[in-house]
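1. here is my input, please return the structure:
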Amino acid sequence: MEKEIALADIPTMAAAINAGVNRVELNANLEVGGLTPDSDTVVRAVKLAAKSDIDLVVMIRPRAGNFNYNYDEIETMRQSILTFKSLGVQTVTFGIVDEKGRLARHHMLKLLEASKPMEVVCHMAFDAIDSTCQLQALQWLHQYGVIRVLTHGGALQAGIEETLPHLQEVVAMAPKGLTIMPGGGVSYTNATEIAAVLGVKDVHGSKIVRLP
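-> The predicted structure is shown next:
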C-alpha cells in the first residue's frame, strides 16, 4: 500500500518519512484544504525527498474556496508550476472546475502544458465535478496524461464511510492506468480497510501514519 501524507512543513515531513510514508503532498495552509507552498519550503522538501528516496507532490492552489479560477489565478498557478519545475519538483497536483460543475478542460490544458515533463495529479477538485460528468472527466484526465486522482467521493462534510459507495463507482469508472486514491478521513486507523474495500493500493491523508 502506497501511503501519501498531506503536510505543510519540513519537520512534519521528516517525521512522516521516519514513520514510513511512501509519498508526501506538500502544501501550505492545510487548515483550508491546502494551498501552494512557498519556494523556500519546496526547495527543502525536494532535497529531503531525494535524500530519503520518496516521492514528492507539490500543491498548486492559489486560494481557498472553490476551484473555479479567473485568468489571473490561472496565470499565478502556471507561474508556480514553472517555478517549481525549475526547482526540481517532479510531480504537481491541481484541478480546475467551471461554474457548471465540469472539468475546465481549456484551463487544465494550459497548466498541463506548463507542467511537462512533470507528472500531474488531479486533487479533490474532482469532487466538485458533477457526478454525471465524472466519467468523462476521468477519461479526459487519463487521455491527457494525469496519473492519479485524489477523491473523497463526495462532500468533505460527509464521512468516508458515507462516500465509500460512490468511491467504489469512481474506481470502477476509472480507465485502466489511472490511479484512484481515496482521501479525506483516511488515516492509519482505517486505511488498510478502506483500500481493501475499494480495491486500491494508494491512500492519502494528513494522518496516514502515526506521528510522534
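2. give me the buried positions along stretch 24-37.
-> By neighbour count on 16 or more other CB atoms under 10 Å, the buried set for stretch 24-37 is 24, 25, 26, 27, 28, 30, 33, 34, 35, 36, 37. For the C-beta atoms, the positions are set from N, CA and C on the backbone; glycine is no exception.
3. what sits up against it?
-> 4-8, 13, 16-17, 38, 41-42, 45, 49, 54-64, 77, 80, 93, 123-124, 156, 204, 206 (CB atoms under 8 Å, 6 or more residues apart in numbering).
4. now that stretch, how far from the centre of its chain.
-> Distance of stretch 24-37 from the chain centroid (CA atoms, centre = their mean, to the nearest Å) equals 10 Å.
5. and that stretch, how far apart are its ends?
-> End-to-end distance for stretch 24-37, by CA to CA, to the nearest Å: 13 Å.
6. quick revisit: out of the contacts of stretch 24-37, which end up buried?
-> Buried among the contacts of stretch 24-37 by 16+ other CB under 10 Å: 4-8, 13, 16-17, 41-42, 45, 49, 54, 56-62, 77, 80, 93, 123-124, 204, 206.
7. residues contacting the residue most central in space within the chain?
-> By CA atoms, centre = their mean, the chain has its centre lying nearest to residue 123, at 3.5 Å. Contact partners of residue 123, counting by CB under 8 Å, 6+ apart, are 34, 59, 61, 93, 94, 95, 150.
8. rerun at 6 Å
-> 93, 95, 150 (CB atoms under 6 Å, 6 or more residues apart in numbering).
9. residue 5 now?
-> 16, 21, 24, 208.
10. can you lay out those residues as TSV showing secondary structure, distance to residue 115 and pLDDT?
-> Output for the contacts of residue 5, formatted as TSV (DSSP: H, G, I helix; E, B strand; the rest coil; distance: CB to CB, whole Å; pLDDT from 0 to 100):
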residue	secondary structure	distance to residue 115	pLDDT
16	helix	25	98
21	coil	23	98
24	strand	18	98
208	coil	25	98
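11. and the buried residues of stretch 24-37, which of them are in strands?
-> Judged by DSSP state E, the buried residues of stretch 24-37 include 24, 25, 26 as members of strands.
12. for the first one, which residues make a bridge with it?
-> In this case it means residue 24. Judged by DSSP bridges, the bridge partners of residue 24 are residue 5, residue 56.
13. quick revisit: so which of the contacts of residue 123 is the closest to residue 71?
-> Ranked by distance to residue 71 (CB to CB), those are led by residue 95 at 17.1 Å.
14. mind checking how far the closest one is from residue 24?
-> As judged by CB to CB, to the nearest Å, residue 95 and residue 24 stand 19 Å apart.
15. understood, closing this out.
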